[in-house]
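Engineer: can't give you the sequence, but here's the structure:
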């Protein structure tokens with residue numbers, strides 16, 4: 001069986017990527033194939049990377065507070081390009097915003113202190129393998 005392919009992206013102007021790199025490395029160590037886009041990705045860049053890399057799931061790391069508009073823009077671009085991939089999000093996201101994101105289709109929201117194992121297990125549930 002092929003490993004689960006995960007895109008880890010840092011959309012927006014947030015310049016803090018330590019958490020995204022820790023998650024990317026943890027997922028790689030758990031047997032996932034990880035594509036990390038780097039900092040300052042536009043919604044268009046994230047969707048293009050998801051298409052080009054044929055990933056199974058898209059992970060977004062957002063610490064800037066702009067999670068709702070960025071994720072909404074990414075979801076709209078994914079729909080317009082028929083990219084039907086689940087999204088998970090990590091960052092400092094208030095619980096009300098996390099609820100809103102899950103209501104608009106985000107598969108999982110991870111806050112500070114989430115363990116790599118928790119993220120790995122949830123991705124396995126979401127992707128179905």
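Structural biologist: Nice, thanks for sending it over. These figures come from a predicted structure and were not determined experimentally.
Engineer: give the buried residues for the host helix or strand of residue 46.
Structural biologist: Using DSSP states H and E, residue 46 falls within helix 43-53. By neighbour count with 16 or more other CB atoms under 10 Å, helix 43-53 contains the buried residues 43, 45-50. In short, each C-beta sits where N, CA and C put it, glycine included.
Engineer: ok, residues contacting it?
Structural biologist: Residues external to helix 43-53 that are found in contact with it (CB atoms under 8 Å, 6 or more residues apart in numbering): 5, 7, 9, 11, 35, 37, 41, 55, 58, 60, 70, 73-74, 76-78, 81, 83, 85.
Engineer: narrow these to those in helices?
Structural biologist: Counted as lying in helices by DSSP state H, out of the contacts of helix 43-53, are 70, 73-74, 76-78.
Engineer: can I get these in TSV including pLDDT and distance to residue 114?
Structural biologist: Formatted as TSV, those follow (pLDDT from 0 to 100; distance: CB to CB, whole Å):
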residue	pLDDT	distance to residue 114
70	97	19
73	98	24
74	98	20
76	98	26
77	98	26
78	98	23
